[in-house]
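1. Requesting a structural model of the entry that follows:
(one chain, ligands or ions: 2)
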Amino acid sequence: MYKVLLADPLEEVGIKILEKECEVTKAFDIDKAGLLKVIEDYDAVLVRVNTPIDKEIIDKAKKLKVIGMPGAGLNHIDVEYAKKKNIKVYNVPGGNMDSVAELTFAHILALSRRIYAASKKVKEEGCWNKYLFMGNELSGKTIGIIGVGKIGLRVAEIARAFKMQVVAYDPYVTQDALPADIRLMTLDELFATADIITIHVPLTKETYHLISYDQIKKMKDGAYIVNMSRGGVLDEEAAYEALKNGKLAGVGCDVLEDEPPPEKPVKHIKLFDLDNFLITPHLGAWTVEAQNRVAEIIAQKMLEGLKNS
Ligand SMILES: NC(=O)C1=CN([C@@H]2O[C@H](COP(=O)(O)OP(=O)(O)OC[C@H]3O[C@@H](n4cnc5c(N)ncnc54)[C@H](O)[C@@H]3O)[C@@H](O)[C@H]2O)C=CC1
Ligand SMILES: O=C(O)CCC(=O)C(=O)O
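-> Ligands and ions are numbered 1, 2, ... in the order given. Got it, this is the predicted structure:
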């Protein structure tokens, strides 16, 4: 029987598939030191985004044949090095795209209708004053999508239903490959055109701090930024400055560069003081539907990978 380590939780449907042919160990709280101690015993390991698999772990993993990620992003896994060591790395492209695109719009709507601040004012002060919370319609606005892969394209589909114009920046796709109503442009053109900018790129050397203060300066006054991709793509210090001085009207993030953030009083994150900064704790893929889907697919892929290795 293959030995599989679940270093992070997986929905039951995936565990059941693996358990048919593997001995499955659950070690959801394992840290790097723990992984280094036990990884040599396993044929396969499943990790989510906050459990990195680096060269050091791979070097210890003498029996490892398969690494599985029940989602899209692989920036926490040294995929090149794993491949050199003949370890297969699997993810589930598109498995959570609907959920992430839907949360993108939850942030966009919450920002443009000031839902967080208005709700807080009612609950904390009993203040029922609509005059404080004038919002904006999405209809007729331009959304700028950075990265038109699986999630970016789904965001574009939803944007259409809101009667928005869609522009996009992605150096790895061509205009012919896109639906006719998505206008591909340079990043500077997108900054000058978009009312709402939404980020859907992988975290790479190229995308690290892709949105810096110098880039924000090129955006329209009062623009919104939403980042559902990875912390590190948006420079959080720059976002703070731009929210404080009013250059940006709102920022919504599902991810942070330092994630999970240290708890108070260890470090206080300035952005958290601002009502027009929205944060969710990496919930993009966190729906029953997406989690069941990715669990089933990743378990099947890992099993196939083990059998073919
Ligand atoms: N918040 C969450 O829970 C989730 C976050 N994600 C993040 O979203 C990212 C995108 O996911 P998918 O759309 O499924 O991936 P995808 O691979 O289908 O699309 C990524 C797109 O980004 C483009 N891209 C790459 N480098 C770029 C650059 N420098 N500038 C502009 N575009 C660039 C690619 O050409 C591709 O079209 C993932 O890599 C992951 O980091 C994904 C799923 C859940
Ligand atoms: O489900 C998770 O743990 C993270 C999802 C994610 O960020 C991804 O699929 O790239």
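2. Name the SS class of A299, please.
-> Three-state call for A299 (DSSP: H, G, I helix; E, B strand; the rest coil): helix.
3. Tell me the residues on this structure that lie near ligand 1, please.
-> 71-73, 93, 96-97, 100, 146-152, 169-173, 200-203, 206-207, 228-230, 254-255, 282, 284-285 (CB under 6 Å from any ligand atom). Where C-beta positions appear, they are placed from N, C-alpha and C, glycine not excepted.
4. Going along the chain, name the helices of this structure.
-> Here the chain has its helices, by DSSP state H, at 12-21, 32-38, 55-60, 79-84, 97-112, 115-125, 150-161, 187-193, 213-216, 236-244, 288-307.
5. Output those helices as TSV; include the columns mean neighbour count, mean pLDDT and distance to L5.
-> Formatted as TSV, these follow (neighbours: other CB atoms under 10 Å; pLDDT from 0 to 100; distance: least, CB to CB, whole Å):
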stretch	mean neighbour count	mean pLDDT	distance to L5
helix 12-21	16	98	11
helix 32-38	14	98	7
helix 55-60	16	98	11
helix 79-84	14	98	15
helix 97-112	21	98	26
helix 115-125	14	98	39
helix 150-161	20	98	28
helix 187-193	17	98	41
helix 213-216	16	98	40
helix 236-244	19	98	33
helix 288-307	19	98	11
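6. any chance of those helices in JSON lines, plus distance to ligand 2?
-> Shown next, in JSON lines, are the helices of the chain (distance: least, CB to the nearest ligand atom, whole Å):
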{"stretch": "helix 12-21", "distance to ligand 2": "12"}
{"stretch": "helix 32-38", "distance to ligand 2": "17"}
{"stretch": "helix 55-60", "distance to ligand 2": "18"}
{"stretch": "helix 79-84", "distance to ligand 2": "13"}
{"stretch": "helix 97-112", "distance to ligand 2": "8"}
{"stretch": "helix 115-125", "distance to ligand 2": "22"}
{"stretch": "helix 150-161", "distance to ligand 2": "9"}
{"stretch": "helix 187-193", "distance to ligand 2": "22"}
{"stretch": "helix 213-216", "distance to ligand 2": "23"}
{"stretch": "helix 236-244", "distance to ligand 2": "17"}
{"stretch": "helix 288-307", "distance to ligand 2": "7"}
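7. Please produce a ChimeraX select command covering the buried subset of the residues of the chain next to ligand 1.
-> Buried residues among the residues of the chain next to ligand 1 (16 or more other CB atoms under 10 Å), as a ChimeraX selection:
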select :71,72,73,96,97,100,146,147,148,149,150,151,152,169,170,173,200,201,203,207,228,229,230,254,255,282,284,285
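8. Now, the residues of the chain next to ligand 1 that are in strands?
-> When DSSP state E is applied, the residues of the chain next to ligand 1 are split such that I146, Y169 fall in strands.
9. Tell me who's in contact with N129.
-> K121 (CB atoms under 8 Å, 6 or more residues apart in numbering).
10. go with 10 Å
-> With contacts defined as CB atoms under 10 Å, 6 or more residues apart in numbering, N129 is in contact with A118, K121, V122.
11. For ligand 1, what is the nearest residue in this structure?
-> Here the chain gets closest to ligand 1 at one residue, G149, 1.7 Å apart by CB to the nearest ligand atom.
12. Spatially, what comes nearest to that residue if we skip its sequence neighbours?
-> H200 (6.5 Å; CB to CB, 6 or more residues apart in numbering).
13. on that earlier part again, of all the helices of the chain, which lies closest to V47?
-> Closest approach to V47 among the helices of the chain is made by helix 32-38 (8.8 Å; CB to CB).
14. Report all helices and strands that the closest one contacts.
-> Judged by 3 or more CB pairs under 10 Å, 6 or more residues apart in numbering; DSSP states H and E, the packing partners of helix 32-38 are strand 2-6, helix 55-60.
15. how about these in TSV, adding distance to A249?
-> Below are the helices and strands packed on helix 32-38 laid out as TSV (distance: least, CB to CB, whole Å):
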stretch	distance to A249
strand 2-6	42
helix 55-60	43
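16. rewinding a little: quick one: residues contacting the residue of the chain closest to ligand 1.
-> Applying CB under 10 Å, 6+ apart to G149 gives the contacts A72, P93, G94, M97, D170, Y172, V173, H200, V201, P202.
17. And the fourth one, how far from V155?
-> Meaning M97. Going from M97 to V155 by CB to CB, to the nearest Å gives 9 Å.
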